[in-house]
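> model the following, please.
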Amino acid sequence: MLGGLSRLGSLLWAAANLAVGVLLWSLGAYLHRGGVDPRWLLASLAVVCAAVLLRRTRPGTGLAAATVGLAVEAAVLGPSVWSVVVYGDLLYAAVVWGGARLVRGVVAAVAVAGVAVLGAGGLLRSGGLLELLQLLGLYVLVFGTPLTSGLSVRAHRARAELERQRAAQVARMAELDRANAVAAERARMARELHDVVANHLSAVALQSTAALALREFDPERVRGVLRTVRDSSVRGLAEMRRMIEVLRAGEPAGTDRVAPRLGEAERLAATARDAGLDVVLDGVADVGELPARVDAAAYRIVQECLTNALRYAAPRRVRVSVRRVAGDSGAAGLLVVEAVNPVGAAAGERPGPPGPGAGLAGMRERAVLLGGRFRAGPDGDGTWRVRAELPVEE
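Numbering: from 1, shown residues only. Below is the predicted model of the structure:
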């Protein structure tokens, strides 16, 4: 309706109602009461139409003013048709735009007034049931219809607002899911980059440091160091290139094109041996086929264990064992990766590059993401033990 658009709309709507009311008054559309000047009906009509100005901003006040005007008109002057119609519009507006307390009050007042009208009609009229039903129908038409229409519109508006809030909540949840997915992808990429770059570069740095620490130039030893540096660099670049190719192609970076295999761990051991680490690698050939995620996680854990042993083992040796343990009845088995290397006072004095501090955290994250367990720490007998238990899906 026009009054629902702006204050100017309410003003125009009130003026239009007043014009229609004056026109109907001039045509005699009112109940003439003897001894009363009909021109007084114009004053009550003006009061009721003026209340239309408040139908959106203060619907309760407008309805109260119109109620007073209509009551005076009905009791003293004789009601006019259009005043009753405008009052119905104000009743509708109060139910649609009023507060909850106002709506409850209006519904109660209309119900009580309806009972009072029916009671008075039954006492004052002698026409029987037919006239009583006519009076009830007129009351429902004048007051009940605007009331029920307003309640219906109010219920639809409340439902629409609830749906808007639900849609906004779904949008917020979708945004949170997207942010969580981005954060998880960033964490996963950080782990991959750490394993690909940090481990290979750690081997390169350790070999370079060892070469620089030589007191006398030894061509064969320098050549061996350079060979190890070259192999580590080439492997690191190859893994990085595979990751970049997958990312450019828009494929998930967890595919088999990038994921390394535990069966390739012997190459890691060979590189560590070239760097001067005594490596014992057991059980890799006996674990059989593994799921791609478990296979890649086990490879990365072995890689990180060898890198840590290169930097901290004293004396420079490490034993890495991989075995498959059967689970309980109905449960998946476990792949156990365990690395043990000695540590001592000399470990902190060995020259080498500072670590990024993300190796243990990365191994723990890989194990936890697969639903496994991870432990790392000193054994108390001068050794450092790393143990990862990775569930193997059947």
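
> so which elements touch the top helix by length along the chain?
Criterion DSSP state H: the longest helix present in the chain is helix 145-193. Helix 145-193 makes packing contacts with helix 81-97, helix 100-124, helix 359-369 when contacts are defined by 3 or more CB pairs under 8 Å, 6 or more residues apart in numbering; DSSP states H and E. In this view, the C-beta of every residue, glycine as well, is placed from N, C-alpha and C.

> any idea which of these scores lowest on pLDDT?
Ranked by mean pLDDT, these bottom out at helix 100-124, which scores a mean of 79.

> quick one on the thing from earlier: now the element after the longest helix of the chain, going C-ward?
Using DSSP states H and E, the next helix or strand after helix 145-193 towards the C-terminus is helix 199-212.

> so where is the chain shaky, pLDDT-wise?
Scanning the chain for pLDDT under 70 picks out the ranges 1-6, 32-35, 120-132, 194-199, 206, 246-259, 327-332, 344-358, 394.

> show me the domain layout of it.
Following automatic domain parsing, one gets these domains for the chain: 2-170, 262-394.

> ranking the ones you listed by burial, who's on top?
domain 262-394 (a mean of 17; mean count of other CB atoms under 10 Å).

> quick one on the thing from earlier: quick one: which of the helices and strands packed on helix 145-193 is nearest residue 237?
Residue 237 sits nearest to helix 359-369 of all the helices and strands packed on helix 145-193, at 20.5 Å, using CB to CB.

> distance from the chain centre to that closest one, please.
From the chain centre to the centre of helix 359-369 is a distance of 26 Å (CA atoms, centre = their mean, to the nearest Å).

> just checking, what packs against the helix or strand containing residue 13?
In this structure, residue 13 is located in helix 7-26 according to DSSP H and E. Counting contacts by 3+ CB pairs under 8 Å, 6+ apart, helix 7-26 is packed against helix 40-50, helix 81-97.

> nearest to residue 15, out of those helices?
Across these, closest to residue 15 is helix 40-50 (CB to CB), at 7.9 Å.

> I'd like the next helix or strand past that closest one.
Past helix 40-50, further along toward the C-terminus, the next helix or strand under DSSP H and E is helix 59-72.

> report the angle between that next one and helix 145-193.
On the basis of axes from the mean of the first three to the mean of the last three CA atoms, to 10 degrees, helix 59-72 is oriented at 170 degrees to helix 145-193.

> measure residue 208 to residue 79 for me?
Distance of residue 208 to residue 79, computed by CB to CB, to the nearest Å: 105 Å.

> contacts for stretch 37-51, please.
14-15, 17-18, 21-22, 25, 30, 32, 62-63, 65-66, 68-70, 72-73, 77-78, 80, 82-83, 86-87, 90 (CB atoms under 8 Å, 6 or more residues apart in numbering).

> doesn't residue 386 lie inside a helix?
No. Using DSSP: H, G, I helix; E, B strand; the rest coil, the assignment for residue 386 is strand, not a helix.

> need the domains of the chain in a markdown table (columns: distance to residue 237).
Listed next are the domains of the chain as a markdown table, based on distance: least, CB to CB, whole Å:
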| stretch | distance to residue 237 |
| --- | --- |
| domain 2-170 | 45 |
| domain 262-394 | 14 |
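
> can you give me the end-to-end span of stretch 366-377?
Length of stretch 366-377, first residue to last, CA to CA, to the nearest Å: 17 Å.

> neighbouring contacts of that stretch?
191, 293-294, 297, 300-301, 334, 360, 363-364, 384-391.

> can you rerun that using 6 Å?
297, 360, 363, 364, 386, 387, 388, 389, 390, 391 (CB atoms under 6 Å, 6 or more residues apart in numbering).

> you'd agree the third one is up against residue 304?
Yes. Taking contact to mean CB atoms under 6 Å, the distance of 5.4 Å between residue 363 and residue 304 places them in contact.

> for residue 187, which of the domains of the chain is the nearest?
The nearest among the domains of the chain, by CB to CB, is domain 262-394 at 7.3 Å.

> any idea how far that closest one is from the middle of the chain?
For domain 262-394, the distance to the chain centre is 37 Å (CA atoms, centre = their mean).

> how far away is residue 360 from residue 375?
Distance, residue 360 to residue 375, by CB to CB: 10 Å.

> sorry, wrong one. I was asking about residue 232.
With distances taken as CB to CB, residue 232 is found 28 Å from residue 375.

> with residue 23 instead?
93 Å.

> with residue 43 instead?
Residue 43 is 92 Å from residue 375, where distance means CB to CB.

> how about the strands in the stretch 201-350 of the chain?
278-282, 317-325, 333-342 (DSSP state E, counting those that start in this stretch).

> of those, give the one that comes closest to residue 54.
strand 333-342 (75.9 Å).

> what is the closest one packed up against?
Helices and strands touching strand 333-342, by 3 or more CB pairs under 6 Å, 6 or more residues apart in numbering; DSSP states H and E, are helix 292-312, strand 317-325, strand 383-392.

> kindly calculate the angle that it makes with helix 292-312.
10 degrees.

> residues making contact with strand 333-342?
The contact list for strand 333-342 (CB under 6 Å, 6+ apart) reads 294, 298, 301, 305, 309, 313, 318-327, 382-390, 392.

> try stretch 286-302
Here stretch 286-302 has contacts from 195, 256, 259-262, 265, 320, 322, 324, 335, 337, 363, 366, 370, 388, 390, 392-393, using CB under 6 Å, 6+ apart.

> at 8 Å what do you get?
Residues contacting stretch 286-302 (CB under 8 Å, 6+ apart): 191, 195, 254, 256, 259-262, 264-265, 268, 281, 320, 322-324, 335, 337, 339, 362-363, 366-367, 369-370, 386, 388, 390-393.

> likewise for stretch 171-181?
By CB under 8 Å, 6+ apart, no surrounding residue is in contact with stretch 171-181.

> and it, how far from the chain's centre?
That offset, for stretch 171-181, works out to 4 Å (CA atoms, centre = their mean).
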